[in-house]
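Enquirer: quick one: sequence and predicted model below, then my questions.
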Amino acid sequence: MTTDQQPIIFNPLDPAFRENPYPVYSRLVREDPVHITPFGVKAFSRLTDATAILRDHKRFSSDDRNAGLIGVQQERSSGADSIVNDEDRPFLFMDPPDHKRLRRLVNLAFTPRALESMRPRVQQLVDELLDAVEGKDEMDAIADLAYPLPVSVICEMLGVPRQDEPQFRIWSRILASSLDPDITVPPELQKEREQAVLDSREYFRELIARRGDDRPPDILSALLAAEEEGDKLSERELLSTCTMILIAGHETTVNLIGNGILQLLRHPDQLAKFQERPEVLAPHVVEEVLRFDPPVQFDGRICIEKTEVGGVTIEAGEFVMILIGAANRDPEHFEDPDTFDITRGERDSAADRHLAFGFGIHFCLGAPLARIEGEIALRSFVQRFPNARLLDERPQYRAQITLRGLENLRVGLK
Ligand code: HEM
């Protein structure tokens, strides 16, 4: 659909769109909320439609093998098929009852209490990273803070020794492409990714095999112990869960911290407010960054039973796209949606009803941990460097589709 203005061009591969997708989203949500992409895929941008799809897991599947089963050939939603065979499929790409069974077992390890207990350690890691740049004229907020923090946290959760972290950073970077549609990933990278899946799995297998009983408890021990009504994770399920945690938990959190620092430095009035009340505002800052500039831009599902959403019919077998970045600025739900306002959550308790962590049965399992890391990293950064300023007004975005994050972010510190 178009108006009397220019047609809306929604092209996630375009570098200009990557730099600032929000003017396009703003038009989509207002003028063309069920947009048909050039591939014929329906892209939903209204919050109500997006939540209707994500809530309805009976009609909208996360398992992209369903597109094949129904016999409709679509562009695949993700690289899931190419990196896993059926037994190694992580539950992010499963439907109930398998999803329910695995998520319940993994939940036994990911309790809010277990994640909350990591807060002091996250603070320590952030302090170490900021100590390393203290006294310098500038830092790269991605390489010096946003990137190393989440990988260290995940490695500690899984009991990976510190000396192996550099290997994890490499795997994580390669594996992040599994969240993008395969057609946008060059064949060499797809091969590298398959290898990284195999290598990281083999690494976890050995790590588990050589674990002694004397280790302090961590998430991996909890996953190994997780048992309910006689049901346990098999070795393959455990390994695919570890790889999924690395993929789902690392590059996403990098971008929460990176996008957060960029938005704070671009909005000096908001930065000043944050500096006045850092403890109180930190959780609100994180929610506003997640709403305003979400690290995961797209979600996808396969319709498995003909239905209607947003006044449009969706056939069984159709892949549908959810534009999280657009839904998070839906004017029906967020007042003045294009304004970055870190006190929004103080006035409006519904301000955290954004879709940055998804919605429904696949709602992000690591959300409490991502929030802890975001709060501590952003608060500590603004407290430590009150004169921080952007050295590059237009930092480069990484060439990814699903994830939105910066290649680097040069920040002056004095
Ligand atoms: C800011 C950081 C993060 C963002 C924006 C994010 C976003 C998301 C989103 C949108 C989903 C839903 C996907 C869907 O509907 O298909 C999801 C699921 C998931 N996330 Fe996160 N995530 C973040 C951090 C983490 C962390 C730190 C972990 C683990 C340590 C994690 C683990 C997972 C897992 C295991 C799932 C799959 C849940 C399921 O299928 O039931 N995430 N995440």
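Expert: Happy to help now that I have it.
Enquirer: how close does Asp168 get to Leu262?
Expert: Check again: residue 168 is Phe, not Asp. Relative to Leu262, Phe168 is positioned 25 Å away (CB to CB, to the nearest Å). Just so you know, the C-beta spots here come from the backbone N, C-alpha and C atoms, and that holds for glycine as well.
Enquirer: so where's the protein uncertain?
Expert: Low-confidence segments of the chain (pLDDT under 70): 1-4, 68-87.
Enquirer: check whether Asp348 really touches Pro337, as I assumed.
Expert: No: taking contacts as CB atoms under 8 Å, Asp348 lies outside contact range of Pro337: 11.9 Å.
Enquirer: who has more neighbours out of the two?
Expert: The neighbour comparison of Asp348 against Pro337 (other CB atoms under 10 Å) goes to Pro337, with 20 against 13.
Enquirer: excluding covalently adjacent residues, which one is nearest to that one?
Expert: Arg329 (3.8 Å; CB to CB, 6 or more residues apart in numbering).
Enquirer: equivalent analysis for Asp199, please.
Expert: Trp171 (6.9 Å).
Enquirer: for the one you found, give me its contacts.
Expert: Trp171 makes contact with Ala196, Asp199, Ser200, Leu246, according to CB atoms under 8 Å, 6 or more residues apart in numbering.
Enquirer: could I get these as CSV with secondary structure?
Expert: Output for the contacts of Trp171, formatted as CSV (DSSP: H, G, I helix; E, B strand; the rest coil):
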residue, secondary structure
Ala196, helix
Asp199, helix
Ser200, helix
Leu246, helix
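Enquirer: farthest-separated two in the residues you listed?
Expert: Across these, the longest distance by CB to CB is 11.7 Å; it joins Asp199 and Leu246.
Enquirer: end to end on stretch 153-162, go ahead and measure it.
Expert: 10 Å (CA to CA, to the nearest Å).
Enquirer: returning to what we had before: list the buried residues in the one helix or strand the residue nearest to Asp199 maps to.
Expert: Following DSSP states H and E, one finds Trp171 within helix 165-175. For helix 165-175, burial by neighbour count (16 or more other CB atoms under 10 Å) applies to Glu165, Phe168, Trp171, Ser172, Arg173, Ile174, Leu175.
Enquirer: ok, how many other residues are close to Glu116?
Expert: 11.
Enquirer: same thing with Ser221?
Expert: So Ser221, with other CB under 10 Å, has 16 neighbours.
Enquirer: element containing it, please.
Expert: helix 219-225.
Enquirer: that helix vs the ligand: in contact?
Expert: No: applying CB under 6 Å from any ligand atom, one finds helix 219-225 separated from the ligand by no less than 8.2 Å.
Enquirer: so which elements touch the helix or strand following that helix?
Expert: Moving toward the C-terminus from helix 219-225, the next helix or strand (DSSP H and E) is strand 227-228. If you count contacts as 3 or more CB pairs under 8 Å, 6 or more residues apart in numbering; DSSP states H and E, strand 227-228 packs onto helix 98-107.
Enquirer: try it again at 7 Å.
Expert: Under the contact criterion of 3 or more CB pairs under 7 Å, 6 or more residues apart in numbering; DSSP states H and E, strand 227-228 touches no helix or strand at all.
Enquirer: give me every residue that touches the residue of the stretch 101-250 of the chain found nearest the ligand.
Expert: Scanning the stretch 101-250 of the chain for the residue nearest the ligand gives Gly249, at 3.0 Å (criterion: CB to the nearest ligand atom). By CB atoms under 7 Å, 6 or more residues apart in numbering, Gly249 lies in contact with Pro150, Ile154, Gly366.
Enquirer: among those, which are in helices?
Expert: Among the contacts of Gly249, DSSP state H puts Pro150, Ile154 in helices.
Enquirer: go ahead and confirm Leu189 touches Leu175.
Expert: No: contact criterion CB atoms under 7 Å: Leu189 and Leu175 do not qualify, at 10.5 Å.
Enquirer: that older thread, how about the buried residues of helix 165-175 in JSON lines, adding distance to the ligand?
Expert: What follows is the buried residues of helix 165-175, written out as JSON lines (distance: CB to the nearest ligand atom, whole Å):
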{"residue": "Glu165", "distance to the ligand": "15"}
{"residue": "Phe168", "distance to the ligand": "13"}
{"residue": "Trp171", "distance to the ligand": "15"}
{"residue": "Ser172", "distance to the ligand": "12"}
{"residue": "Arg173", "distance to the ligand": "16"}
{"residue": "Ile174", "distance to the ligand": "18"}
{"residue": "Leu175", "distance to the ligand": "13"}
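Enquirer: for those residues, which one is nearest Phe274?
Expert: Nearest to Phe274 among the buried residues of helix 165-175 is Ser172, at 28.7 Å by CB to CB.
Enquirer: shouldn't that closest one be in contact with Met244?
Expert: No: contact criterion CB under 7 Å: Ser172 and Met244 do not qualify, at 11.9 Å.
Enquirer: follow-up on the earlier one: who wins for neighbours among the contacts of Gly249?
Expert: For the contacts of Gly249, neighbours were counted using other CB under 10 Å, and Pro150 has the most, 28 neighbours in all.
Enquirer: I'm done for today, thanks for sticking with me.
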